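Peer 1: no sequence on this one, just coordinates:
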């Protein structure tokens, strides 16, 4: 208890409060600008966080995470373009409300629902993390390998329409993870005699290159005219009454719990959570026919769900060291850079850091409420920024961000290379998230595989003679099969059309 | 059809890359001491095999898809629809080449002197037509970024002839 209070006391400093507020504001802006994803925003904040004390850095990242999840709704409501995939369901009623002259009401409902969802997500995290970590303490190398295999299986869930391309993307990520020192014998691998590669590829070069620069390049495909266009936004001047907010209490709680539980499952993510919550709210509603015409129920449900995902997604990240999505993969990178290694041992060796994450997540909800309430008029204007101006400014930040880690232009060159690779892979339909997740877990996967095989004189039977490892491996196979089936179903529902530019477009 | 051709090309390319990695790059880049069990090249080789097999599978499934739709494929091939118009990637190539030139200049001219002209060019390249506006944005933005990172986060940028 004294440790909790001590950790909490560490949060009441000017720097931490400032970091929370800045993190939330940057997150809202990043999430709110279409084309700037939460992962890109958090990847760009990562280099800054490396120069901050651990508590301040965690506060900054958690604030940005919560802020980005809400930020997507600002553009969804005002310009009918979800800033993030998690806000896609919000456009259904949010934009209709804005067209009906209720933009302010929709934005405030989205904000309050996001805060409610954020609190529910944190509660779920508190309830699930400790018991789960107690189970994972019994793990040896074979169990760790099973665990890593399970997290690779989630790649099936984030591979889009082609599992094969997801596996290729993941194997590229695993190959990148082998650059540098061999974890068992210490031999150098793929360094090409370059001392800059001796410690492996810098995580930031990969994160910023694959998420930020690849996105900048793909936006460039839209052409100068479209990039210079200024989005038309609707005016924000109406309010939400307390009665209107309170009328959504059950809707928000149910959606929040659903969002948090979906967030716990690796690879599912916010976009699924918000649509599931929306559909459930419509099913439970006394007036389901009004959904899609501009009602606050249709804003409250997806927004509560997508912010609750934040807490849920941190459960596998903290307890198992598995990043469930790309944002948590970047967060794992950030925590490791600060000497915090997510996984079951974290709850034994460094429980203080776990409390820091819990408290930061909880306080980021308060920061979201403050910044969101005060900043809605400002953020409404920012979403009108021209991409032709915004994207070059982002590129300069990408350069400074990667340079700043080791004051080394080589890392920046690598970032440009990864940006080009990410763009090419994306253009050819290869998903990027599996590569990043595989890169993050690559070293641990290799170490546990080789340690297990060395223990058993190269016999793979060791993975099936230990019950936990066997269960995890079977779980990985079942999970992958389930995800493949789900992806196939989704693909069958999709319709491919040829757009004006002559490119195939999925409806 | 375009997607199938793209997958076929990707699959073949990935398979060739995996062969080159397995037989050329790994032996050249990973020194394996004799007698070591599960040596340093074990995992990279395993990954390259997975990578190569997936590439082969992708090429094979695409070839099968082409065979299934052979009539349409023949017709489209005659029309040249399978070709990729590489001209659409010209802005990307210009952007990447200019970024490399900028990073080289950054080491000699320093952050501010190299970033201002590069940002002006980039703003124009992304579609901001007014050179005057672009100049103002670059002259204001670059020094702000420099001051925040060099004084706020104590990052030492490469020093140019002017010392910043």
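Peer 2: Nice, I can see it. Keep in mind that this is a model prediction, so the values were computed, not measured. Numbering: from 1, shown residues only, chains lettered A, B, ... in the order given.
Peer 1: helix or strand for the residue most central in space within chain A, which one?
Peer 2: The residue lying closest to the centre of chain A (Cα atoms, centre = their mean) is residue A:327, at 2.5 Å. According to DSSP states H and E, residue A:327 maps onto helix A:326-337.
Peer 1: Now that helix: buried residues?
Peer 2: A:326, A:327, A:328, A:329, A:330, A:331, A:332, A:333, A:334, A:335, A:337 (16 or more other Cβ atoms under 10 Å in any protein chain shown). The way it works is simple: take the backbone N, C-alpha and C, and place the C-beta from them, glycine included.
Peer 1: Among the residues you listed, which one lies nearest to residue A:248?
Peer 2: residue A:327 (26.2 Å; Cβ to Cβ).
Peer 1: what's in contact with stretch A:36-47?
Peer 2: Residues outside stretch A:36-47 that contact it (Cβ atoms under 8 Å, 6 or more residues apart in numbering or on different chains): A:23, A:26-27, A:29-31, A:60-61, A:64-65, A:68-69, A:71-72, A:83-86, A:204, A:207-208, A:211-212, A:215, A:326-327, A:330-331, A:333-334, A:337, A:390, A:394, A:397-398, A:400-402, A:404-405.
Peer 1: same thing but at 7 Å, please
Peer 2: Outside stretch A:36-47, the residues that touch it by Cβ atoms under 7 Å, 6 or more residues apart in numbering or on different chains are A:26-27, A:30-31, A:60-61, A:64-65, A:68-69, A:84, A:204, A:207-208, A:211-212, A:215, A:326-327, A:330, A:333-334, A:397-398, A:401-402, A:404-405.
Peer 1: Also stretch A:11-27?
Peer 2: So stretch A:11-27 is contacted by A:41, A:45, A:52, A:55-56, A:59-68, A:71, A:359, A:363-364, A:367-368, A:371, A:375 (Cβ under 7 Å, 6+ apart).
Peer 1: ok so, going back, chain center to the helix holding residue A:327: distance?
Peer 2: How far helix A:326-337 lies from its chain's middle: 10 Å, per Cα atoms, centre = their mean, to the nearest Å.
Peer 1: Tell me which residues of the following helix or strand past it come out buried.
Peer 2: Downstream of helix A:326-337, the first helix or strand assigned by DSSP H and E is helix A:346-349. Residues of helix A:346-349 classed as buried: A:346, A:347 (neighbour count, 16+ other Cβ under 10 Å).
Peer 1: now swap in stretch B:92-103 and tell me
Peer 2: Applying 16+ other Cβ under 10 Å to stretch B:92-103 flags B:92, B:95, B:96, B:99, B:102, B:103 as buried.
Peer 1: Tell me the pLDDT of residue 92.
Peer 2: I went with chain A, as the question did not name one. Note for residue A:92: predicted pLDDT of 85.
Peer 1: You answered for a different chain; I wanted chain B.
Peer 2: 95.
Peer 1: next SSE after the helix or strand hosting it?
Peer 2: Using DSSP H and E, residue B:92 sits within helix B:90-109. On the C-terminal side of helix B:90-109, the nearest following helix or strand under DSSP H and E is helix B:111-125.
Peer 1: tilt between the following helix or strand past that next one and helix B:111-125?
Peer 2: Per DSSP H and E, the first helix or strand lying C-terminal to helix B:111-125 is helix B:131-147. Orientation check (axes from the mean of the first three to the mean of the last three Cα atoms, to 10 degrees): helix B:131-147 against helix B:111-125 gives 140 degrees.
Peer 1: Spatially central, which residue of chain B would that be?
Peer 2: Nearest to chain B centroid, counting by Cα atoms, centre = their mean: residue B:96, 8.4 Å.
Peer 1: Check the secondary structure at the nearest residue to that one once chain neighbours are set aside for me.
Peer 2: Nearest residue to residue B:96, sequence neighbours excluded (Cβ to Cβ, 6 or more residues apart in numbering or on different chains): residue A:420, at 5.7 Å. Assigned with DSSP: H, G, I helix; E, B strand; the rest coil, residue A:420 falls in the helix class.
Peer 1: Check the contact between residue A:420 and residue B:93; I expect there is one.
Peer 2: No - using Cβ atoms under 7 Å, residue A:420 makes no contact with residue B:93, being 9.4 Å away.
Peer 1: interface residues of the stretch 151-300 of chain A facing chain B?
Peer 2: A:164, A:167-168, A:171-172, A:174-175, A:178, A:182, A:185, A:187, A:189-190, A:192, A:217, A:220, A:224-225, A:227-228 (Cβ under 7 Å from any Cβ of the partner chain).
Peer 1: So which residues of chain A form strands?
Peer 2: Per DSSP state E, chain A carries strands over the ranges A:180-181, A:188-189, A:496-498, A:504-506.
Peer 1: Neighbours of residue 64, how many?
Peer 2: I'll assume chain A. The burial count assigned to residue A:64 is 33, neighbours taken as other Cβ atoms under 10 Å in any protein chain shown.
Peer 1: looking at chain B here, not the other one
Peer 2: 11.
Peer 1: Check residue B:91 too.
Peer 2: Residue B:91 has 17 nearby residues by other Cβ under 10 Å.
Peer 1: contacting residues for the closest residue to it other than its chain neighbours?
Peer 2: Nearest residue to residue B:91, sequence neighbours excluded (Cβ to Cβ, 6+ apart): residue A:220, at 5.3 Å. When contacts are counted by Cβ under 7 Å, 6+ apart, residue A:220 touches B:91, B:92, B:95, B:126.
Peer 1: Next one: residue A:220, what pLDDT does it get?
Peer 2: 91.
Peer 1: The one 3 residues further on too?
Peer 2: The pLDDT attached to residue A:223 in the predicted structure is 88.
Peer 1: quick one, what contacts the closest residue to it other than its chain neighbours?
Peer 2: Nearest non-adjacent residue to residue A:223, counting by Cβ to Cβ, 6+ apart: residue B:127, 7.5 Å away. Contacts for residue B:127 (Cβ under 7 Å, 6+ apart) come out as A:224, A:225, A:227, A:228, A:388.
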